[in-house]
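S.K.: One predicted model, sequence on top.
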Amino acid sequence: MTDLRYPLGPMPTPPHLTPEERAAALQALRTLPEALRAAVSGLTGPQLDTPYRPGGWTVRQVVHHVADSHLNAFARVKLALTEDNPAVKPYEEGLWADLPDSRLPPEVSLTLLDALHTRLVAVLYGTPLEDTATWARPWTHPAQGRTYTLDTLLAMYAWHGQHHVAHITGLRGREGW
Ligand code: NI
């Protein structure tokens, strides 16, 4: 039985990546906006308002959540690159997904993600793949009391976008959409 919540398995949090793994993760971030746009292409309003799994977010909420999350990712990357072991700001993703902007058309967040990922990828590509010291720059998650690295951020958010695309493509596959 597949876990509908984690179609790609749990979020990876590796402390360090190889240059090849960094290249693959950067490619995943670069292509995420188009992959998410393709995942929702042609869906009707009622389909967009269908939970991707029983009790889960709707497809519409999933799209807006990716934008919520990756706005935070962009801030976390820039904090990690510019401050000494910054504490990042956790946020209540479930409550964010219930705010009124999560009822907007998905295209609003798809457009936001186009621009956001252009900048996110540009800042990450600014660090050479072999620059181990920069990819090891630390940041701390205060709620977890754990310190991670820039590599961890790259791995987490490359996975995160694909994870939510898989929620939508999985639903479409099961529903025959
Ligand atoms: Ni998420």
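M.R.: Looks like it arrived, so ask away.
S.K.: what about residue 89, which SS state?
M.R.: At residue 89 the chain is in coil, as set by DSSP: H, G, I helix; E, B strand; the rest coil.
S.K.: What about it, how many residues nearby?
M.R.: Counted with other Cβ atoms under 10 Å, residues neighbouring residue 89 total 12. For the C-beta atoms, the positions are set from N, CA and C on the backbone; glycine is no exception.
S.K.: That one reaches residue 71, doesn't it?
M.R.: No - with contact defined as Cβ atoms under 8 Å, residue 89 and residue 71 do not form a contacting pair (11.3 Å).
S.K.: pLDDT on the helix or strand containing residue 151, on average?
M.R.: Take DSSP states H and E as the rule and residue 151 turns out to sit in helix 150-175. Averaging pLDDT along helix 150-175 yields 98.
S.K.: next one: stretch 72-80
M.R.: For stretch 72-80, the mean per-residue pLDDT is 98.
S.K.: got it, and stretch 39-51?
M.R.: Stretch 39-51 shows a mean pLDDT of 98.
S.K.: First-to-last residue distance for that stretch?
M.R.: Using Cα to Cα, to the nearest Å, the end-to-end distance of stretch 39-51 comes to 15 Å.
S.K.: now do stretch 140-157
M.R.: Start-to-end span of stretch 140-157 (Cα to Cα) is 16 Å.
S.K.: begin at 47 from here
M.R.: Yep, numbering from 47; the last one is stretch 186-203 now.
S.K.: tell me which residues of that stretch are tucked away?
M.R.: By neighbour count with 16 or more other Cβ atoms under 10 Å, stretch 186-203 contains the buried residues 187, 194-203.
S.K.: I'd like to know how far residue 180 sits from residue 149.
M.R.: Going from residue 180 to residue 149 by Cβ to Cβ, to the nearest Å gives 40 Å.
S.K.: out of the two, which sits in the busier spot?
M.R.: Taking other Cβ under 10 Å, residue 180 and residue 149 do not tie; residue 180 has more neighbours (15 against 12).
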